[in-house]
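Engineer: 3D model of this:
(2 chains)
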Amino acid sequence: NAGVMQNPRHLVRRRGQEARLRCSPMKGHSHVYWYRQLPEEGLKFMVYLQKENIIDESGMPKERFSAEFPKEGPSILRIQQVVRGDSAAYFCASSPKIDRGAYGYTFGSGTRLTVV
Amino acid sequence: AQRVTQPEKLLSVFKGAPVELKCNYSYSGSPELFWYVQYSRQRLQLLLRHISRESIKGFTADLNKGETSFHLKKPFAQEEDSAMYYCALKEAGGFKTIFGAGTRLFVKA
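Structural biologist: Numbers count the residues shown, from 1 in each chain, chains lettered A, B, ... in the order given. Next up, the predicted model:
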């Protein structure tokens, strides 16, 4: 079991480009959570998804950010027209359907996005 | 609103000394509380949950509802405990977990 897989590990984008971050949850996990970590800050909740459903996106910026978790394939966090302030580490976590995180999350290694 | 506060950004102790990483929370209901740890070059991982009342790697944490605290303690720190520690809160029955800003623990030889 490879755990939660995120790719790429590092992503460099120029201002105005699009960034796509991918997350494959642990085998058997159907709940995915995205968090963002800005320098010197803790993890901030962004969005919670189940297969084909966005359950809570209260932490997502209103513009330019979107997330999906299709029936097949990984969850995608998409940032359009990136700006320097989007530079951060983006972490994905997953949990089984049955406990919704009551036993804690399993985290991926994160994607470090740098906007130049 | 839910909030998790870790007042210390950095905590430095000598090997063998007791260590306490502070965590205070703000939540009106019954929270589920966690400690996560991130060792150098490794991913964030769950250390312990308050609900299981367990001791992991010598660490314990007691939920104090009166003081709304969930401090992490270890009687004798080891160099390999040096890491970033995050306190986290989840609504009972909910799904969103709120994290503190983290405390970097440095154990000196």
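Engineer: so the residue most central in space within chain A is in which element?
Structural biologist: Nearest residue to the geometric centre of chain A (C-alpha atoms, centre = their mean): A:Trp34, 3.5 Å. Element membership of A:Trp34, judged by DSSP states H and E, is strand A:29-37.
Engineer: listing partners with orientation, what would you give for that strand?
Structural biologist: Within its sheet, strand A:29-37 is paired with strand A:43-50 (antiparallel), strand A:88-96 (antiparallel), according to DSSP bridges.
Engineer: can you give me the strands in the chain?
Structural biologist: As the question left the chain open, I've gone with chain A. Using DSSP state E, the strands of chain A run over A:5-7, A:10-13, A:19-24, A:29-37, A:43-50, A:53-56, A:65-68, A:75-79, A:88-96, A:106-107, A:111-115.
Engineer: actually it's chain B I care about, not the one you picked
Structural biologist: B:3-5, B:10-14, B:19-21, B:24-26, B:31-38, B:45-49, B:60-61, B:72-74, B:83-91, B:97-99, B:103-108.
Engineer: burial count for residue 105?
Structural biologist: Since no chain was named, I'll use chain A. For A:Tyr105, the neighbour count with other C-beta atoms under 10 Å in any protein chain shown is 26. Bear in mind the C-beta positions are built from the backbone N, C-alpha and C, glycine included.
Engineer: sorry, should have said chain B
Structural biologist: B:Leu105 is flanked by 21 other residues according to other C-beta under 10 Å.
Engineer: neighbours of A:Glu40, how many?
Structural biologist: Burial of A:Glu40 is recorded as 8 neighbouring residues (other C-beta under 10 Å).
Engineer: do the same with the one 4 residues further on
Structural biologist: In terms of burial, A:Lys44 registers 14 neighbours under the definition other C-beta under 10 Å.
Engineer: okay, and the beta partners of it?
Structural biologist: Beta-bridge partners of A:Lys44, as defined by DSSP bridges: A:Arg36.
Engineer: which residues does it contact?
Structural biologist: By C-beta atoms under 8 Å, 6 or more residues apart in numbering or on different chains, the contact set of A:Lys44 is A:35-38, A:59, B:99.
Engineer: around chain A, which positions in chain B sit nearby?
Structural biologist: Proximity of chain B to chain A is confined to B:4, B:6, B:32, B:34, B:36, B:43-46, B:49, B:51, B:86, B:90, B:94-102 under the rule C-beta under 8 Å from any C-beta of the partner chain.
Engineer: can you say which of those are buried?
Structural biologist: B:4, B:6, B:32, B:34, B:36, B:43-44, B:46, B:49, B:86, B:90, B:94-102 (16 or more other C-beta atoms under 10 Å in any protein chain shown).
Engineer: for residue 44, give me the pLDDT.
Structural biologist: Chain wasn't specified; assuming chain A. pLDDT recorded at A:Lys44 is 92.
Engineer: um, chain B though
Structural biologist: 91.
Engineer: these two touch, right, it and A:Phe107?
Structural biologist: Yes: at 4.3 Å, B:Leu44 counts as touching A:Phe107 under the criterion of C-beta atoms under 8 Å.
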